[in-house]
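Chemist: What shape does this take:
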Amino acid sequence: MKLSDWARKNGITYKTAWRWVKEGRMPVPFEQTPSGTILVHEPESSTANAVALYARVSSADQKADLDRQIARLMEFATEQKLVVFKAVTEIGSGLNGHRPKLMKLLSNPDAHTIVVEHRDRLMRFGFEYVEAALAAQGRRILVVEPGEVKDDLV
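Modeler: As a prediction, the model looks like this:
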């Protein structure tokens, strides 16, 4: 598939994917054709080992942070040799449940492991309940930075 399609599918910008190609940091094999087109070869793998990445910011003002979050999550997945089958980005408050992309991801049985940067990127409250519900299905949440995030709610 073309690099632009791969970037869109994985929730990153084309520019970020292109930079990864130039820096040799692509998490999947690729080739450049004589015409200059970059073709990405995604490895065939079972979804049992595949992970989904989830990044969230609270407001549209922080939209630039989404690319950086996904880039850090992709880098982590590459270092850990995890196969990423989906990257989900969302703009929405961590305090309410109106996040349709998260709901769709949680209901997807192929999302065996969901990787988030911090616990609060998934949700502010009730993380343990979602974690337990997923564990009961043989699924899990992998938190890249498990340190407690300073609670700015009073």
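Chemist: quick one: contacts of the lowest-mean-pLDDT helix or strand in the chain?
Modeler: In the chain, no helix or strand scores lower on mean pLDDT, DSSP states H and E than helix 119-122, which sits at a mean of 85. For helix 119-122, contacts defined as Cβ atoms under 8 Å, 6 or more residues apart in numbering pick out 54-56, 69, 94, 102, 114, 116, 127, 130, 141, 143, 146, 149. No exception for glycine: its C-beta is placed from N, CA and C like everyone else's.
Chemist: What of stretch 80-93?
Modeler: 9-12, 27, 43, 45, 47, 49-60, 62-63, 66, 69-70, 73-74, 76-77, 98-99, 101-102, 104-105, 108, 110-111, 113, 115.
Chemist: Now restrict those residues to buried residues only.
Modeler: 10-12, 27, 50-57, 66, 69-70, 73-74, 76-77, 99, 102, 105, 108, 111, 113, 115 (16 or more other Cβ atoms under 10 Å).
Chemist: how close does residue 26 sit to residue 39?
Modeler: Distance of residue 26 to residue 39, given as Cβ to Cβ, to the nearest Å: 11 Å.
Chemist: The residue nearest the centre of the chain sits in which helix or strand?
Modeler: By Cα atoms, centre = their mean, the chain has its centre lying nearest to residue 53, at 2.0 Å. Residue 53 belongs to strand 50-57 when assigned by DSSP states H and E.
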